[in-house]
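J.: Provided below for reference: sequence and predicted model.
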There are 2 protein chains.
Amino acid sequence: MNRQEVGFNALFRPKNVAVVGASNTFGKIGGATLAAILSGEFRGEIYPVNPYESVVLGLKTYPNITSISGDIDLVVLTVPANTAVEVLRECEKKGVKACIIITAGFKEVGGEGEKLQNEISEIGKRSGMKIVGPNCMGVYSASGNLTAIMSPINPNRGNIAMVSQSGTLGMVLMDSISKNGAGFTKFVSSGNEAVLKLEDYLEYYSSDPEAGVVVAFIEGVRDGRRFIDVARRLTSKKPFIAIKAGKTKAGSEAARSHTSSIAGSIQVFRAVAKQTGIVLAENSDELVDYATAFAKCPLPKGRRVGILSGAGGWAVLTADACEEYGLEVPPLPAGVVEKISERAPSYWSHRNPIDLVSSLDIDLFKFCGEILFEENIIDILLYAYIAYDFSSSFDSLSKVPIFSEEEIETFKKGSRWFMKALAESASSINEKYGKPVLFVTRDSEVYNTLKNSRVPVFGSPIRAVKCIAKMVEYREYQERIGEAEK
Amino acid sequence: MNRQEVGFNALFRPKNVAVVGASNTFGKIGGATLAAILSGEFRGEIYPVNPYESVVLGLKTYPNITSISGDIDLVVLTVPANTAVEVLRECEKKGVKACIIITAGFKEVGGEGEKLQNEISEIGKRSGMKIVGPNCMGVYSASGNLTAIMSPINPNRGNIAMVSQSGTLGMVLMDSISKNGAGFTKFVSSGNEAVLKLEDYLEYYSSDPEAGVVVAFIEGVRDGRRFIDVARRLTSKKPFIAIKAGKTKAGSEAARSHTSSIAGSIQVFRAVAKQTGIVLAENSDELVDYATAFAKCPLPKGRRVGILSGAGGWAVLTADACEEYGLEVPPLPAGVVEKISERAPSYWSHRNPIDLVSSLDIDLFKFCGEILFEENIIDILLYAYIAYDFSSSFDSLSKVPIFSEEEIETFKKGSRWFMKALAESASSINEKYGKPVLFVTRDSEVYNTLKNSRVPVFGSPIRAVKCIAKMVEYREYQERIGEAEK
């Protein structure tokens, strides 16, 4: 392990962690952060540091860093700005390997705060300590069982490594992606980036085997040249999904007062993204969707989409969205139409999109999906079976005196069973062919069933289709650079 | 009441309704439809018609239409296509005023089905009977307590009148809009439109005082000239939100096999929408969002947006979205900055977006929102306070042995209280000034609190901002035609 790796290892998989400013009061940042570390079931030693307490949240508490015997891997600072810098000097003397400065009141407030931040930068430069922040929410690491974050969170575990220049936003995005059933290996709220910068985290993620998909919320890039180099290295190995905030005059002014970022031109950023294969999200919804799809789905080998539906209107909207986003909805060969017709009700659509018109025959859905892959007609299968929360629609039947509660429960169970079985058919096709299958619905049974599968679920056709288009684009980028390297 | 009105009145507020094909089996369309009518608590007489049963779902059952004594306002047909046409002839003889043909198997299957549909058209023409369908889901009318739909539904009541050329899709959209807290006065699934066409419903809605906002899902316009006339009349009085499916080659082919619609060019449709003031949704998410916003919100008087946030990243994204969609994020006059600074923590953003950086001072949020309207700085107020489901984030604390269940419950209650109070502040500002206030969050407490308010809630900044832009655009259209009429 080189020095770089030692430092990042101490940050993401520390043997021990000290929390300076630890408090029994949950409302204080030092209290919330220590509680979050405890709730994350950190397995190493935890040292609360607080000169006025001997026990904090049940743990032996130290008056300062130097009074802790032995090496310290990670220190989390939650004390006011000027004190934080003093403690950081102690950390330097003690040889602490990594430090997260959650405290705000640095460059983003100007004046004295800016001077204090410069001191942090200097300490980082001369000591080589890995310093996150200041003015950040903290760090999460699944393999380190580390939730050094100022608010309790509990994301899914998975293959996404994220860095966010906005803390709260990053956490909300992480929560949304998590709810979609994708998971995280690491999350860093990078704050003012006095020492470690966006590019440093991205570089680390590029060679981190736990990071399968990299996601970044970017307000400002500090070193354009290096960013391009790192992005190129990243995208040659794994998808790199980014959103650029501060795109407009109004947004960039807001960004400056937020984390003192210089936003830079979005036109330049878009050009860089295109050149380097970054999957660029234009808004937070897209970021959540793309992260979900790339984290869960295998990449498609081409742009041909098969649409499987039980309602004509959704089939039409889905086909529209595919064509608008440059995907193909290939026609069905006569032989396939014939084979489906042998099993399907006569009024099926006889084309792609395959509309089975409220058929409840799960095997038929499965047959249709499988034959499309089997005969190599498509590269991606999209179930467009939007239903409102199907089973809840039966609630109004309780007003009809003729139906007993048992009967209504039976209807509900039936509809839940159908949606669950339909979801399972999608997952089994994905497993059988190892190819991307996506599901569009609003039915909660489908969400629950597919949560831990490799089939991502979206609430509308446009959201699923945009993901497919981005996956196709990234796959084509990879092929292009593969060709170029030959 | 003229003959047109009499017919529509019988359709939407019938004194009585006969269901032909009524069945005790819920899985049959005639069973589901009758159950839906019963579950909607229809207040007039209900006549099940079925020659093989004497009682259906507890109601006296008739062998045919002619055996029912007295006038019939509305007949719902669920019997097979050829029988349906026979019964329709009986209806004509009996002078039935309106008829909903749910049955499929007409023009969309070609051949014999097409001939049968032509017969329906002729009967409609010569009798003046208001005929909906065939191949449709049915009709909902709040003031008629009528749920003549083949699937049980229970939408919110409200000011939206909708017509959909896709039944299932229309119902899913209605369910989504309903869940957003907007409500419906009428819904028609127009099916193959053998007699009543899209344009007829729109025309009726244009002079229907119960219809405050009109929503349409359109696969094909059959009479372009008339559509333009009706759209223009509609938009001069009330917002008309439409989505056009079958925009692309793939989509229009799917549409043809769905409801035999000729899709027509989307370029032409976009031009028509612009000219006639139609609020055009480009996908189903937009349709749901626009319908929600127009139904709940007063129209803005201008394009100046005030953004109120507790997290910098969301403020930046929201400001970006505003500027991208042509809205203004006006600067704060020095006097206002001063007044807010007197009450806010020193690290607030000192500009619009107003970022109060995790302040928990509800009165301060309210003060900031009110001063922006009070001093006429903005036309629209947007709360951008996205949180994950705040209170649920405390669940992971149960792993920390030091916190008792009571303590965790207290944290949760505190966060729920805060989000509820914040939501209430938004609603109170809306009520006080009668101006549009929108809320961006993922917190379920906010959704619940604002469900019946005039403050729509969206899950991301881009979705709220697109709605504001459309409301501004429509308002400007109205002003333009107002000017032109002078």
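T.: Nice, I can see it.
J.: what's the neighbour count on residue A:42?
T.: 19 (other CB atoms under 10 Å in any protein chain shown). No exception for glycine: its C-beta is placed from N, CA and C like everyone else's.
J.: Show the contacting residues for it.
T.: If a contact means CB atoms under 8 Å, 6 or more residues apart in numbering or on different chains, then residue A:42 has A:17, A:144-147 as its contacts.
J.: Which pLDDT value goes with it?
T.: Looking at residue A:42, its pLDDT reads 95.
J.: try residue A:385
T.: With respect to pLDDT, residue A:385 scores 89.
J.: How about the backbone phi and psi for it?
T.: Recorded main-chain torsions at residue A:385 are phi -120, psi 60, according to degrees, to the nearest 10.
J.: That one contacts residue A:445, correct?
T.: No: the criterion here is CB atoms under 8 Å, and residue A:385 misses it with residue A:445 at 11.3 Å.
J.: Tell me which of the two has more neighbours.
T.: residue A:385 (26 against 21).
J.: ok, the more buried one to residue A:179 distance?
T.: 20 Å (CB to CB, to the nearest Å).
J.: Which positions in the stretch 1-150 of chain A make contact with chain B?
T.: Proximity of the stretch 1-150 of chain A to chain B (CB under 8 Å from any CB of the partner chain) is limited to residues A:26, A:35-36, A:38-41, A:57-58, A:104-105, A:108-109, A:147.
J.: and if we set it to 7 Å?
T.: Taking CB under 7 Å from any CB of the partner chain, the part of the stretch 1-150 of chain A that reaches chain B is made up of A:26, A:35, A:38-39, A:41, A:57-58, A:104, A:109.
J.: which residue does the stretch 301-450 of chain A bring closest to chain B?
T.: Residue of the stretch 301-450 of chain A nearest chain B, by CB to the nearest CB: residue A:313 (2.5 Å).
J.: Touching, that residue and residue B:171? I think so.
T.: No: taking contacts as CB atoms under 7 Å, residue A:313 lies outside contact range of residue B:171: 9.6 Å.
J.: who's more crowded, those two?
T.: The residue with more neighbours, out of residue A:313 and residue B:171, is residue A:313; 31 against 27, by other CB under 10 Å.
J.: quick revisit: in strands, which of the contacts of residue A:42 appear?
T.: Among the contacts of residue A:42, the ones falling in strands (DSSP state E) are A:17, A:146-147.
J.: Just name the closest of those residues to residue B:239, please.
T.: Closest approach to residue B:239 among those (CB to CB): residue A:147, at 46.9 Å.
J.: What about the closest one, how many residues nearby?
T.: Counted with other CB under 10 Å, residue A:147 comes out at 26.
J.: OK, contacts around it?
T.: By CB atoms under 7 Å, 6 or more residues apart in numbering or on different chains, the contact set of residue A:147 is A:36-37, A:39-40, A:140, A:153.
J.: What pLDDT does the model give it?
T.: 95.
J.: For the residue lying closest to it once chain neighbours are set aside, give me the backbone phi and psi.
T.: Spatially, and ignoring its direct neighbours in sequence, residue A:147 is nearest to residue A:40 (3.0 Å; CB to CB, 6 or more residues apart in numbering or on different chains). Here is the backbone geometry of residue A:40 (degrees, to the nearest 10): phi -80, psi 0.
J.: Same check on residue A:127?
T.: Dihedral angles (degrees, to the nearest 10) for residue A:127: phi -100, psi -20.
J.: Give the burial count for it, as a bare number.
T.: Residue A:127, neighbours per other CB under 10 Å, totals 20.
J.: For it, which residues are in contact?
T.: When contacts are counted by CB under 7 Å, 6+ apart, residue A:127 touches residue A:92.
J.: can you list contacts of stretch A:268-275?
T.: A:228, A:244, A:280.
J.: Show me how far it is from its chain's centre.
T.: Distance of stretch A:268-275 from its chain centroid, counting by CA atoms, centre = their mean, to the nearest Å, is 21 Å.
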